[in-house]
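1. Following is a predicted model, sequence given first.
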Amino acid sequence: MRLSIATVSLLLATGCHTTAEQPARAKEPTQVIKPDQDGVQRARILAGGYFFKPSHIVVKVNTPVEIWRAGKAAWCRTIS
């Protein structure tokens, strides 16, 4: 039993590492949404199969937010 635990530990230790060949992804800056003249915060987000751009938005609390999604099928949602 000790041999199998040692083998599993070794496999986990060698399989869980990063290499210099895989560069780290650059962090996308946070988008801060400011209210328009009518008080609604509007955000436009590009959505793909596996991503959202921007991936992080910041909105003011207790203020309506309108989110526009651009991509294959565009839609809009208002959150009050």
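-> Received, thanks.

2. This protein: helices as residue ranges?
-> Secondary structure of the chain (DSSP state H): helices located at 2-15.

3. Can you pull out the low-pLDDT segments for it?
-> Per-residue confidence of the chain (counting by pLDDT under 70) places the weak regions at 1-26, 72-80.

4. Where do the strands of it begin and end?
-> With strands called from DSSP state E, the chain shows them at 31-32, 41-47, 52-53, 57-58, 65-70, 75-79.

5. Save those strands as TSV, and put in mean neighbour count too.
-> Every residue, glycine included, has its C-beta placed from N, CA and C. Rendered in TSV, the data for the strands of the chain read as follows (neighbours: other Cβ atoms under 10 Å):
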stretch	mean neighbour count
strand 31-32	14
strand 41-47	16
strand 52-53	14
strand 57-58	14
strand 65-70	15
strand 75-79	10
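
6. Count the neighbours of the nearest residue to Val40 once chain neighbours are set aside for me.
-> Nearest-residue entry for Val40: Pro64, 4.8 Å, with adjacent residues in sequence omitted and distances by Cβ to Cβ, 6 or more residues apart in numbering. Residues lying near Pro64 (other Cβ atoms under 10 Å) number 15.

7. Can you pull the phi/psi pair for Pro64?
-> Reported as degrees, to the nearest 10, the phi and psi values for Pro64 are phi -60, psi 140.

8. Could you report the separation of the nearest residue to Leu46 once chain neighbours are set aside from Val65?
-> Taking Cβ to Cβ, 6+ apart, and ignoring the residues beside it in sequence, Leu46 has Lys53 as its nearest neighbour in space, at 4.4 Å. Plainly put, Lys53 is 17 Å away from Val65 if you go by Cβ to Cβ, to the nearest Å.

9. List the residues that contact Phe52.
-> Ile45, Leu46 (Cβ atoms under 8 Å, 6 or more residues apart in numbering).

10. Distance check, it against Glu28.
-> Taken as Cβ to Cβ, the spacing of Phe52 relative to Glu28 amounts to 10 Å.

11. With Leu46 instead?
-> Summarising the geometry, the distance separating Leu46 from Glu28, computed by Cβ to Cβ, is 11 Å.

12. which residues do those two both contact?
-> Common contact partners of Leu46 and Glu28 (Cβ under 8 Å, 6+ apart): Lys53.
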